[in-house]
Each structure stands twice: as structure tokens, then as C-alpha cells.
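Asker: sharing a model that was predicted from the sequence below.
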Amino acid sequence: MYKILLMGSQGSGKGTQAEKLSAQLGIPAFGMGQLLRDEIASGSDLGAKFEGILKRGNLVSDEDAAQMLKRRLVKPDTHKGYVLDGYPRNLSQYAAFDFDTPTHVIVIDVPREESLKRLGGRLTCRGCGKVGAMADGLKPDDPCVCGGKWFQRDDDTPEAISRRLEIYEKDTTPVIVKYGSRVKHVDGVGSVDEVFEKILHALR
């Protein structure tokens with residue numbers, strides 16, 4: 001069974017690699033943002049609570065987020081494992097994630113200048129939340145396969161990216177240390193397929 005935490009700074013390619021791992025291993029991949037959107041769309045009591053919190057401009061608590069994840073992990077499609085993208089991000093989330101233990105913690109390492117370069121050309125779909133890159137020929141307002149349109153987020157400016165990288169270094173690095181011997185670091189520089197091969201090697 002593979003219970004994989006996929007970690008790395010913004011621009012490390014976690015989302016793309018999570019999708020590839022999901023297809024290769026036959027297990028679901030999800031990030032907390034997508035789970036939050038799915039929970040709200042489901043019309044559940046928890047989703048209604050989250051929608052109200054977000055509409056008020058507040059953040060979902062670490063305890064509520066953990067409860068949402070716990071509900072997701074008992075669904076039948078996770079019986080062979082899962083890939084969790086970018087969680088836990090800080091020590092508070094680490095403490096709340098006390099109901100399961102990962103088998104592997106893969107950290108995709110990329111230099112800061114590489115993150116800045118990648119994120120500066122990043123686009124996000126307004127419909128499904130998928131992430132793409134202008135380097136791959138995408139342009140703002142191009143249609144996504146889901147029917148939504150690609151756009152560049154306000155927080156993908158160089159200043160905002162630098163702040164997010166600093167938060168990752170300050171908040172997430174201590175989490176990685178907590179996982180000790182389960183952690184495998186992977187060099188995230190290279191093509192998507194090259195990095196994927198490194199991740200598969202780290203899982204052996």
C-alpha cells in the first residue's frame with residue numbers, strides 16, 4: 001500500500017506529479033483545496049459550514065480540514081492508498097493529521113530561482129482548478145478541457161511568490177523533519193517525465 005505525502009515548495013510540480021502517480025499506481029490523488037471545493041459542491045452539512053466560513057473571508061480551521069480529510073480517506077477508492085498533495089503544511093496541521101500514517105514522504109526540491117521562473121508563467125483554470133503553464137503554449141482566457149478558462153492568479157506575481165516560498169521554508173520544513181526516515185528528497189529540476197522517474201525510484 002502506498003500512502004504518499006507529496007511535498008515541495010510552490011512551483012515544484014507537486015500537482016502534476018500527483019496526477020501521474022495516481023495514474024501509475026491506481027490510487028486517488030488530492031490536495032486540500034480540491035477536497036474543500038468538492039465538499040462544498042457535495043451539499044453536505046460540512047460543506048455548507050465551509051462555504052459560510054469562506055464567504056465571511058475566514059480560513060477553515062486545521063481541525064475542520066483534518067475532519068474533511070478523514071472523511072475522504074475512508075472512501076472505498078483509497079483501500080490501496082492515496083497521494084496527498086501539499087499537506088500538512090505546518091506543525092498545527094501535522095498535529096491534526098493524527099488519524100493515519102504515511103508510508104512515504106516525497107519532497108520535490110527545486111531552487112528558489114526555478115520556482116520563481118515556473119510560477120511566473122503559471123495559469124490556473126477557473127473551472128476545475130487545474131494548473132498549466134504558459135511555457136506549454138497556454139494563454140490567459142484559453143479554454144480548458146473542462147469548459148473553464150485559464151487565468152493568472154493575483155498571487156503569482158514575483159513578490160507574492162517570494163512570500164509564499166518564505167512561508168514554505170519557515171512552516172513546512174519543520175514538518176518534513178518530523179517525518180524522519182520516511183522522507184525521500186527528489187531533485188525537481190528536469191522534465192516532468194524525468195522527475196517522475198526519480199519519484200518512482202524513491203518509492204522503491
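Answerer: Everything's here; your move. Numbers count the residues shown, from 1 in each chain.

Asker: may I have the phi/psi pair for Lys184?
Answerer: Backbone torsions of Lys184, given as degrees, to the nearest 10, read phi -130, psi 130.

Asker: list the contacts of it.
Answerer: His104, Val105, Ile106, Val107, Ala202, Leu203 (CB atoms under 8 Å, 6 or more residues apart in numbering). Glycine gets a C-beta too; all of them are placed from N, C-alpha and C.

Asker: so what pLDDT did the residue nearest the centre of the chain get?
Answerer: Residue closest to the average C-alpha location in the chain (CA atoms, centre = their mean): Asp85, at 3.3 Å. At Asp85, the pLDDT value in this model is 95.

Asker: also the one 10 residues further on?
Answerer: Model confidence at Ala95, given as pLDDT, is 96.

Asker: next secondary structure after the helix or strand hosting it?
Answerer: Element membership of Ala95 [criterion: DSSP states H and E] is helix 91-96. Toward the C-terminus, helix 91-96 is succeeded by strand 104-109 as the next helix or strand (DSSP H and E).

Asker: just name whatever secondary elements the next helix or strand after that following strand is in contact with.
Answerer: Sequence-wise, the next helix or strand downstream of strand 104-109 (DSSP H and E) is helix 112-120. Identification of packing neighbours for helix 112-120 by 3 or more CB pairs under 8 Å, 6 or more residues apart in numbering; DSSP states H and E yields helix 158-167.
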